[in-house]
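Visitor: coords please:
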Amino acid sequence: MKLLILGGSNVQLNAVKKAKEKGHTVIVSDYYPDAPAKKLSDYSELASTFDIEANIEAAKRHGADGVLTLGTDQPVYTAARVAEECGLPSLINAITAKAATNKKIMKSIFKDNCIPSVNYCIIGRDFCEKDMEGVSFPVVVKPLDSQGQRGVYKLDSIYDIRSVFNEVLSFSREKEILVEEFYPSDEITVSGWVHNRKLHILTVTDRIYYNNYPHIGICTAHNFPSRFLADFHTEISQLSERLVQAFEIPEGPVYFQMLLGDSGIMVNEIACRIGGAYEDLFIPLVTGIDILDMLIEASLGNSYDIAALNSYRPEMNNRLVTVQMLFASPCTIKSTNDMNSIRQLPGVVQAKYNFKPGYSVSSMENATARAGYVIITGESRAILEENTRRVYNCLKICDETGENKIINFNLVEEKHYDKKSGK
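Guide: Modelled structure (predicted):
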């Protein structure tokens, strides 16, 4: 069967590999001609994953039997529209896909369904102070339809908002932006699969983040299981089920971001996709449920085995894993060490650099600065911590002077900054 995959970055690589291993013909659509996943695909299309018409045309020309994306938000809507136009299987319809990829619609659904979330407003370029009534500073501003922390800032005044307004809009196709009241909190992510409108939660992780002020919330790690799962399992489960109902999600992967602070659990955002922190790799590892295989088969209209879903209980899972997102200080990369040596270290399941020698690493403002990732396991928390320390001792991204520019956020005490100020 022929499968159109929207996106050719590192987070889509495993989907291309898996689909080809299963004997499917893969077409990768991506704006970049040298996108990594294109090197593995059977066919490639030079088209933005935002370009609905171009991807509809590509699906028709190749005679695609299915379309999917993962690890990234906005192509979810494109995939739903392509499926709708071409008569292909689709796990969600275009209405649900739009709601899950446009924060203006998303926030409205939160409000209409009494889903706890922070105070917010939507403002245009010519906004005035009155438009922000009910929202207190500091605030977080975001594009309505972007991803990967692009265009996200924590700000302290209306002057600050005006100064970054155009920058925020540069990551959007809309003419308005989202302004949210800053909520001092820890973050968790909920990954699951919906079958026949019933949610099966697979993992709840702690989303570890770094605030490179005014850029905030840049993910540096996902730790499973979340340290909050034992105390908040029932509340997390009930809230997640309410989200599935509110957004009318009938089938497929879901990814919910939640904030835990003094006022309780607030829903930050939702997505109808597999997460972008290599959940397609670590969810099968810790649960035995191959969510990527399920996505591929369901997107092609094929049946898939749900027996494991019905028997799995996340609160009973004692596996330990951390997904470390690798970052480096700004530099031009002269050399890196061989990742094969990292993969042979105790506890390491997978590891990869995203950048090659000659690449200029920019400052850490959003997820595009990720230099790679390592997935690490351990039989106990102490062993997991030791395995992680050993990995960072061996990682090397060196500049032209030979200095190792890898950043070990496990040694940076300020990785969450002051929860009360966000700085």
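Visitor: quick check: longest strand of the chain.
Guide: Looking across the chain with DSSP state E, the single longest strand is strand 198-212.
Visitor: Pairing partners for that one, with directions?
Guide: Strands that pair with strand 198-212, judged by DSSP bridges, come out as strand 186-195 (antiparallel), strand 215-224 (antiparallel).
Visitor: what's the last one in contact with?
Guide: Strand 215-224 is contacted by residues 140, 149, 152-154, 187, 189, 203-212, 275, 277, 282, 286, 319-325, 327, 364-367, 369, 409-410, 415, 422 when judged by Cβ atoms under 8 Å, 6 or more residues apart in numbering. No exception for glycine: its C-beta is placed from N, CA and C like everyone else's.
Visitor: which of those count as buried?
Guide: 140, 149, 152-154, 187, 189, 203-212, 275, 277, 282, 286, 320-325, 327, 364-367, 369, 409-410, 422 (16 or more other Cβ atoms under 10 Å).
Visitor: re earlier: can you add mean pLDDT and distance to L395 and give the strands paired with strand 198-212 back as JSON lines?
Guide: As requested, the strands paired with strand 198-212 are exported to JSON lines (pLDDT from 0 to 100; distance: least, Cβ to Cβ, whole Å):
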{"stretch": "strand 186-195", "mean pLDDT": "98", "distance to L395": "24"}
{"stretch": "strand 215-224", "mean pLDDT": "94", "distance to L395": "14"}
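Visitor: Minimum distance to S341: which of these has it?
Guide: Nearest of the strands paired with strand 198-212 to S341, taken as Cβ to Cβ: strand 215-224 at 21.3 Å.
Visitor: Buried residues of the helix or strand that that closest one is followed by, list them for me.
Guide: The helix or strand immediately downstream of strand 215-224 is helix 229-246, counting by DSSP states H and E. Across helix 229-246, burial judged by 16+ other Cβ under 10 Å covers 229, 232-233, 236-237, 239-244, 246.
Visitor: Can you spell out which helices and strands pack onto whichever helix or strand comes after helix 229-246?
Guide: Next in sequence after helix 229-246, counting helices and strands by DSSP H and E, comes strand 252-261. For strand 252-261, the elements it packs on are strand 186-195, helix 229-246, strand 264-271, helix 291-299, judged by 3 or more Cβ pairs under 8 Å, 6 or more residues apart in numbering; DSSP states H and E.
Visitor: Could you rerun that using 10 Å?
Guide: With contacts defined as 3 or more Cβ pairs under 10 Å, 6 or more residues apart in numbering; DSSP states H and E, strand 252-261 has these neighbours: helix 94-101, strand 186-195, strand 198-212, helix 229-246, strand 264-271, helix 279-287, helix 291-299.
Visitor: Flag every buried residue along the last one.
Guide: The neighbour-count criterion (16+ other Cβ under 10 Å) identifies 291-299 as the buried residues of helix 291-299.
Visitor: For it, what does the pLDDT average out to?
Guide: For helix 291-299, mean pLDDT is 98.
Visitor: and that helix, how far from the chain's centre?
Guide: Distance of helix 291-299 from the chain centroid (Cα atoms, centre = their mean, to the nearest Å) equals 18 Å.
Visitor: again with the second one
Guide: When C-alpha coordinates are averaged (Cα atoms, centre = their mean), strand 186-195 and its chain have centres 11 Å apart.
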